[in-house]
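J.: Got a sequence here, can you model it:
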Amino acid sequence: MNDASTASDHASASAADATSATEALKQRIVARREALDAKLVDLSNDLHANPETAWQEHRSSAAVARLLAEHGFEVEHPYLGLETAFRATFGDRDEAAFTVGFVAEYDALPGLGQACGHNLIAAMSTGGALALAAVADELGIAVEVIGSPAEEGGGGKIELLERGAFTELDFALMAHPAPVDVVEARPYAVAHWHVQYDGRAAHAAAYPERGVNANDAFVIAQTAIALLRQQLPAGVRVHGVQTRGGEAPNAIPERTEGRWYVRAETMEQLLETEQRVRNCFEAGALASGAALTVTPESKRYSEMRTDEAALERYRANAVALGRNFDVDPAAASMNRASTDMGNVSLVVDAIHPYIGVGGDASNHQPAFAAACVGPAAEQTLRDGATALAWTALDVALDRLNQAQ
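T.: Prediction:
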C-alpha cells in the first residue's frame, strides 16, 4: 500500500470516527429532551391557555424562565430593563469557544390568542437549549435562551438589540410553527403605524356644516391606497384595519384611528414605499380638513439574512427526524411574513425555519391557534426542539473545527 492510500484510509477513518462521535452526542441530546418532554408540553399548553399580548407577557416570560432555572440555567429576568424579557445562560460565556442563543417568543395576538404558535416557539427553544446543555460543557459551548417579548408588532428584539442583547452570540436560532415545513424564512421588512385623524364633531343632520369628518379622511386615504397598489412593486404589501370609525351615525366623527403595515422586500425598498403610502393618508387629511397623526408602533423590522450553511444543517436534521420539505409552494407562503428576527440576523449569524403543525389552517386564524395544542402539536414540539439542538451542535462543531 502506498503512502497516498494510507493517508486516504486514515482520513476516512478519522471522518467516520468524527461522525460516530457526533451521532453519539445527538443521541444524548435526544435522551435529555425525552426526559423533559412532559414539562415542555406542560409549558406549551400553559402559554396557550393563558395568552398575553405584546409587552404584557409577565406570566408567560416567568413560566419559561422558571423552567430553565430549574434545570441549571442562570436567569436574568427582567433583562436590559424590559420587564417581560429574560436571558438564561448555561456555561461560562467568557471561557466558551462558541456561544449559541435560542430565541423564545411567547406573546399572543389580540383576540386570537396563540394563533401564531408562540407557545410552541417558547417550548421548542427551551427544549432545544436544555437538551444541548447535556453535552455543552464538554465541548466548550455556552448556551443561552433569549426571552423575546412583543414580536407581534412591538419589535421586542429590536429593543433588546439596541440595549446590547444578541451581540455576544456566535449563532442564534429559532423555529416558527406554520401549516407546513419550510426551511428558509424570507420575511418582508415592515413598518407598523398607528394612524389617527382628528376632526370636529357636529350633529350630522342639524349642523353638518360645523363638522370636520375624520371618517371621511380614512375613506379617502384607503381609496388612495387601493389605487396606489396598482403601481407598487410585486414584493410590496400595504394593509391595515380601522379600529375606530365613530361613535354614532348622527354624530360626525371627530376622531378615527387605525393600524397599518407597509411591507417590502428590503429595508431600502421599505423606506421608498413608506412615503408613497404616507402621501395617501395626507391626502385624506387635506381633503377632509382633519388633522393627521402617524405614530410608529415599533421600529422597522428588517428582511432576514440567513446563514445558509447553518440552514442546510437544519434541513438535514429535520429530514432525519421525518420532516418533509416537499410541499406545495402555495402552502409555504408563511415564510413571507415579517419578524424582528430579521433585525437579529443583521448582527449575528441566524436561522428562522418554519416547522409544520399540519391541518388546513394558516397562521393568524382561530383554527391555527387550535392546531397549536394536541398530539400533532406535541410532535412538532419534540421535532423542533431536537432539530434546533442538533443544528446548534453541528454549527458549533463546524465552527470549532474551522478554528483549529
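
J.: what's the burial count for V190?
T.: Counted by other Cβ atoms under 10 Å, the residues lying close to V190 total 24. Yep, even glycine has a C-beta here, placed from its N, CA and C like the rest.

J.: Please renumber the chain so that the first residue is 733 from this point on.
T.: Sure, I'll start counting at 733 from here, so that last one is V922.

J.: what is it paired to in the beta sheet?
T.: R995, Y1033 (DSSP bridges).

J.: what residues are up against it?
T.: 993-996, 1002, 1032-1033, 1070 (Cβ atoms under 8 Å, 6 or more residues apart in numbering).

J.: Just send those back as TSV, with distance to M906, neighbour count and pLDDT too.
T.: Output for the contacts of V922, formatted as TSV (distance: Cβ to Cβ, whole Å; neighbours: other Cβ atoms under 10 Å; pLDDT from 0 to 100):
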residue	distance to M906	neighbour count	pLDDT
Y993	22	19	96
V994	25	26	97
R995	21	23	95
A996	23	25	95
L1002	23	21	96
R1032	20	21	95
Y1033	15	27	94
S1070	15	24	89
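
J.: E789: which of those residues is nearest?
T.: Comparing the contacts of V922 against E789 with Cβ to Cβ places Y1033 closest, at 18.6 Å.

J.: so that closest one touches G888, yeah?
T.: No. Contact status for Y1033 versus G888: not in contact, 10.9 Å apart, counting by Cβ atoms under 8 Å.

J.: what touches both of those two?
T.: D1072.

J.: Please, where are all the helices along the stretch 883-1032 of the chain?
T.: 888-894, 946-960, 999-1020 (DSSP state H, counting those that start in this stretch).

J.: Remind me what the longest helix seen in the chain packs against, helices and strands.
T.: Assignment by DSSP state H gives helix 735-781 as the longest helix of the chain. Applying 3 or more Cβ pairs under 8 Å, 6 or more residues apart in numbering; DSSP states H and E, one finds that helix 735-781 contacts helix 790-802, helix 850-871, helix 1107-1135.

J.: I'd like these laid out as a markdown table, including distance to E1014.
T.: Below are these laid out as a markdown table (distance: least, Cβ to Cβ, whole Å):
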| stretch | distance to E1014 |
| --- | --- |
| helix 790-802 | 39 |
| helix 850-871 | 35 |
| helix 1107-1135 | 45 |
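
J.: what about those helices, which gets the closest to A934?
T.: helix 790-802 (43.4 Å).

J.: thinking again about what came up before, can you tell me which of the contacts of V922 is closest to L892?
T.: Relative to L892, the closest of the contacts of V922 is Y1033; by Cβ to Cβ it sits at 13.4 Å.

J.: gap between that closest one and A921?
T.: 6 Å (Cβ to Cβ, to the nearest Å).

J.: Pull up the overlap in contacts between the two.
T.: Overlap of the contact sets of Y1033 and A921 (by Cβ under 8 Å, 6+ apart) consists of 1070, 1074.

J.: list the contacts for the closest residue to H926 other than its chain neighbours?
T.: Distance criterion Cβ to Cβ, 6 or more residues apart in numbering; nearest residue to H926, sequence neighbours excluded, is T1027 at 4.6 Å. Going by Cβ under 8 Å, 6+ apart, T1027 touches 925-926, 928.

J.: May I see those residues arranged in CSV, with neighbour count, pLDDT and distance to Q1097 as well?
T.: Shown next, in CSV, are those (neighbours: other Cβ atoms under 10 Å; pLDDT from 0 to 100; distance: Cβ to Cβ, whole Å):
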residue, neighbour count, pLDDT, distance to Q1097
W925, 20, 96, 24
H926, 15, 97, 24
Q928, 21, 98, 28
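
J.: quick one: which of these is nearest to D1126?
T.: Nearest to D1126 among those: W925, at 40.6 Å, using Cβ to Cβ.

J.: contacting residues for that closest one?
T.: Counting by Cβ under 8 Å, 6+ apart, W925 has contacts 972, 991-994, 1026-1029.

J.: ok, now with 7 Å
T.: The contact partners of W925, taken as Cβ atoms under 7 Å, 6 or more residues apart in numbering, are 992, 1026-1029.

J.: Return the subset of the residues you listed lying in strands.
T.: Of the contacts of W925, the ones assigned to strands by DSSP state E are 992, 1026-1028.

J.: Separate out the buried members of those.
T.: Buried members of the ones in strands among the contacts of W925, counted by 16 or more other Cβ atoms under 10 Å: W992.
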